[in-house]
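Undergrad: attaching a predicted model along with its sequence, questions to come.
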Amino acid sequence: MSLLQPLLMYITLAVAVGYLVRKFFLPKSLFSTKKAKSGTKGCGHDQCGCS
Amino acid sequence: MSKQINVALIGNPNTGKTSVFNQLTGLKQKVGNYPGITVEKKEGVCKLDRGVKAHILDLPGTYSLNTTSLDESVAVEILLNKKDKNHPDVAVVVCDVENLKRNLLLFTQIKDLRIPTILVINMADRMSRSGISLDIPLLEEKLDTKIALVSTRNATGIDRLKELIIGYQTLSANPNIDPSVIAPDYFKKLEETFPEQERYKLWLVITQDVNFMPIEKQLIKDRSSFATKSKSELKRLQQKETILRYQFINGLLKETYRVDRNAAKGFRAGLDKVFTHKIFGYLIFFLILLAIFQAIYGWSKYPQGIIEDFFAMASEWVKTTLPPGVFTELLAEGILSGIGGIVVFVPQIAFLFLFIALLEETGYMSRVVFLMDKLMRPFGLSGKSVVPLISGTACAIPAVMATRTIENWKERLITILVTPFTTCSARLPVYLIIVALVIPEGRFLGLSYQALTLMLLYLLGFGAAIVSAMLLNKVLKIKSRSFFVIEMPGYKAPLLKNVAYTVWEKTKSFVVGAGKIILAIAIILWFLGSNGFSDDFENAENIVRKRIATNGLSEFNALAMADSLAVYKKALKDSVQKKVYRIGDTAISDSLKLRTNELTRQATNQEIASYRLENSYMGHLGKVIAPVVRPLGYDWKIGIAVLTSFAAREVFVGTLATIYSVGSDEENTDTITQRMGAEIDPITKKPVFNLASGISLLLFYAFAMQCMSTLAVVKRETNSWKWPALQLVFMSVFAYLVALAAYQLLS
C-alpha cells in the first residue's frame, strides 16, 4: 500500500513529461494518420456528417 | 456500395456558405457576420436519401474566379482541376438576397465552366424587411438552373436544396455567356491551338494572378505557336468580360428582382453613417471597448469567487479524505492548484468572447474593419489586416491563418509578423492576476482603475502591432500595391444560438487546449518543487527549527505575527469591554498564549515549506535564472513561471499557482491571489508583486512572443524559419528591454 502512492505519482509524472515531449519536441507527422490529415470530417446529427 | 455526390459550396464572402454547410451536414463550423471566416476548405458528409450521400466541401469565399489571394485560389483550383478528388459533380453557389447582382457574377463564371450549378439565394428572411420580391421561376429560366430560396437563420429551404442536389444530373451544364465576344479572333486562335481543352477554363488559367496549376500554365507556354497577350492586355480583356457578365445580370434582374426602396436602406444607411463617421466612428468604437472591459471586471467577480473557493475546498478535501502520501500531495498541491489557477479566469474569458461574438453577429465588426482601413494604410497594413488583428484577441493561431485573405504578400507578411502583439486570450489570465495584485481598486469617472489598465494593455498590444508594422513597412523591400474591398453585411439581431456556440467553443478550446499543457507542467513543477538532491532539502525541518530556536522567526514572519497578535488582542479586549465574553485577565492571557503558539506553529511550517522549496530542484533551477530576471524586478519564482510560459503564456499563472501552493504550509487555505499578494522578496523586503515589478511583468507579457504554437503556424504560413525566428528574437528582446526600463524607472 505504501508503494502505491509513489507508483501513481511517478506514472502521472511520466505521462506529463511524455505529453509535453510529444506536443513540443516530436514532429507531428509521427502521430498523424492519413485519415486525420485529409480534412475536418466529423459527425453531425440526423445521420449526417458521418462517412 | 452507396453513391456519393461531390458538392462544392461556393460564393462571395459573408453570404452564409458555412451556415448552409452546417445545416446540410449537421456540423458546427464557426460562422460570423463578417467576411473571411473560412480561409480553408472544410469537408462534411450528408446523407440525402436512401443510398445517396453528398460529400460537401465548404470553400473559402471568393468574389469571382479571377483570384487575387491565397484563400480564393483554393476554390478555383478545385473547380478547374477535374483530376482533383474534390472536383464537384455539382456546384452550389450561395448568394445573399440583398447583394444578388454582385453575387451572380461568380455564378455565371462557374456555370460557364460547364459544371452543373445550383443557385442558393440565402437570407430569405430579410426579403420582406428589405422590400425585396423575386420571380424565382423566371430567374431559373433566365439562368438556366434550379434555385433554392433558403434562410439558414430560420432553417427553411434546406430540404429543397437537398432535393436539387439529388437530382443534379437533370441540371443543365450549358454556359450562360459566350466570353469569346470580347475578343473573337483571340478566342478562335485559342480554340484552334488547344482543341482538347474547354474554352473558358483555358481563359481562366491564362489570366490568373495566383501561381497555381503550374503544369497547365507550362503547357500554354510550351505551345510556341500560340502567342499569349501581354499582362495589361489580358487585364483589359478581363474587365471587358466582367462588364459583359454584368450586362447579362442587369438584364435578367430587371425582370425578376424588385426592391421597394421605401422599405429598405433607411435604417441601415443611418447606422452606417454614424458607425463609419470619421470622428464618431472611432469614438463609438472606443466607448464600446471601454464598456466591454468594465463589464469583464464587474460581472466576473462573483463567479470567480465561487470558482476560487471551490478549488481551495477541493484541495482541502483531497488532503483530508485521501490517504496521506505523495500522490495525494500531487493531487492537492500540483494538479488542483495548477488547474484552479487557470479555470478561475473562465468567466472573464467567456465575457470577452461574448462581446466579440455579439459585435460579429450584429455586423458591427465589418464597420470597424472599414473604419480601420484608413488608419492602417500609413503603417503598411490594409483594412483586411484588422480581421486577423481582431481575431488575435482570441488566439494568434487562427488569426495568422486569417491573413490568407490578404492578397498583397507584403501586407500579408507584415500582418503575420505583427499579429502576435495583439492581446490574445492566453495573455488575459496573466494580465488579470497581475492587475488585481498591483493596481488599486479605485475609480476614475465611474470606471475602475483595473478595467482601465486592462483596456490600456489591449490598446498597447494593438499600438505595438501598428508601430511594428510601420517599421517593417520601411524595412521590407517588397514592391506591391493593393486595394481594399469589403463586404458590408446588413445589421442583424444576434442569433443567440450562434453567440452561445461561439462563447462555448472559444472558452472550451481555451480551457481544454491550455488546460492539458498547464496540467502537464503543473505536475512536473510540483515534482521539481517537492523533491531535491541536497542535504538542505532533506533536513529542511531540522535546519529551520534550529535556526528559529537560535535566531527566532524571520523578520517578515515575526512582524506579521506581531501584527496579527495585536489585532487579535484588540478584538478580544473589545469583546470583553462590550461584554460579549465575560472572562478575566487570566483567561485573556491564556487565550493570547494559545494564539501565539498557533501563529508560531503556522509561521514555522511556512518557513520550513519555503526553505524546502528554495532547496528543491526547482529552487536550484530558479537560482540559475534569477540573475537574468532580477533586473526586471522578478524573484526566482517568477523567473521559473516566465521560463515555463515560453510554451504558452497562460502557463505563467498555473506555474505560480503550483509554486505558491508547494511553497506554503499544508494548512494554508488562502487563494492563489492572496498567497501571491503576501509574498515578500527576501532581498528587498518588499512585496514581490509591487507596482514596479507588476508593470514590468505586464509589459513583458504584452510584447513577448511566448507561444510555440504561433511560431509553428508562422513557419507554415511563410514557408520559412527565417520569419518566425526573427519574430521570436525581436519580440523577446524588445519585451525584455521595455520591462527592464519600466522596472528601473518605477522602482
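TA: Cool, got the structure.
Undergrad: list phi and psi for residue 7.
TA: Went with chain A since none was named. Main-chain torsions, A:Leu7, degrees, to the nearest 10: phi -60, psi -50.
Undergrad: could you do chain B instead?
TA: Note on B:Val7: backbone dihedrals following degrees, to the nearest 10 are phi -120, psi 130.
Undergrad: that one touches B:Leu59, doesn't it?
TA: No - B:Val7 is beyond contact range of B:Leu59, at 10.6 Å (criterion: C-beta atoms under 8 Å). Bear in mind the C-beta positions are built from the backbone N, C-alpha and C, glycine included.
Undergrad: okay, the residue in the stretch 101-250 of chain B that chain A sits nearest to and B:Met401: tell me how far apart.
TA: Residue of the stretch 101-250 of chain B nearest chain A, by C-beta to the nearest C-beta: B:Lys162 (10.1 Å). According to C-beta to C-beta, to the nearest Å, B:Lys162 stands 31 Å off from B:Met401.
Undergrad: show me chain B divided up by domain.
TA: B:3-170, B:181-248, B:265-532+B:616-747, B:533-610 (automatic domain parsing).
Undergrad: and the ones you listed, which one's lowest on average pLDDT?
TA: Mean pLDDT per stretch puts domain B:181-248 lowest among the domains of chain B, at a mean of 73.
Undergrad: need the residues of the stretch 51-200 of chain B near chain A, please.
TA: Within the stretch 51-200 of chain B, the residues that sit near chain A (C-beta under 8 Å from any C-beta of the partner chain) are B:53, B:55.
Undergrad: which residue does chain B have closest to chain A?
TA: Closest point on chain B to chain A, by C-beta to the nearest C-beta, is B:Gly26, at 2.2 Å.
Undergrad: quick one: neighbours of that residue, just the number.
TA: 19 (other C-beta atoms under 10 Å in any protein chain shown).
Undergrad: buried ones in the helix or strand B:Gln238 falls within?
TA: According to DSSP states H and E, B:Gln238 maps onto helix B:231-256. Residues of helix B:231-256 classed as buried by neighbour count (16 or more other C-beta atoms under 10 Å in any protein chain shown): B:234, B:237-238, B:241, B:244-245, B:248-249, B:252-253, B:256.
Undergrad: packing partners for it?
TA: With contacts defined as 3 or more C-beta pairs under 8 Å, 6 or more residues apart in numbering or on different chains; DSSP states H and E, helix B:231-256 has these neighbours: helix B:100-112, helix B:136-143, helix B:199-207.
Undergrad: which residues in chain A form helices?
TA: Using DSSP state H, the helices of chain A run over A:4-24, A:34-37.
Undergrad: among these, which is nearest chain B?
TA: Chain B lies closest to helix A:4-24 among the helices of chain A, at 3.1 Å (C-beta to the nearest C-beta).
Undergrad: I'd say B:Thr256 and B:Leu138 touch.
TA: Yes - if you go by C-beta under 8 Å, B:Thr256 and B:Leu138 touch, sitting 4.9 Å apart.
Undergrad: residues near the spatially closest residue to B:Asp260 that is not a sequence neighbour, how many?
TA: Distance criterion C-beta to C-beta, 6 or more residues apart in numbering or on different chains; nearest residue to B:Asp260, sequence neighbours excluded, is B:Gly131 at 3.2 Å. B:Gly131: 15 surrounding residues under other C-beta under 10 Å.
Undergrad: okay, now B:Gly654: neighbour count?
TA: 31.
Undergrad: can you verify it is assigned to a helix?
TA: Yes - assessed with DSSP: H, G, I helix; E, B strand; the rest coil, B:Gly654 lies in a helix.
Undergrad: who's in contact with it?
TA: By C-beta atoms under 8 Å, 6 or more residues apart in numbering or on different chains, the residues touching B:Gly654 are B:338-339, B:341-342, B:518, B:521-522.
Undergrad: which one of those is nearest to B:Leu711?
TA: B:Leu711 lies nearest to B:Ile521 out of those, by C-beta to C-beta, at 18.0 Å.
Undergrad: do I have it right that that closest one meets B:Phe646?
TA: No - contact criterion C-beta under 8 Å: B:Ile521 and B:Phe646 do not qualify, at 10.7 Å.
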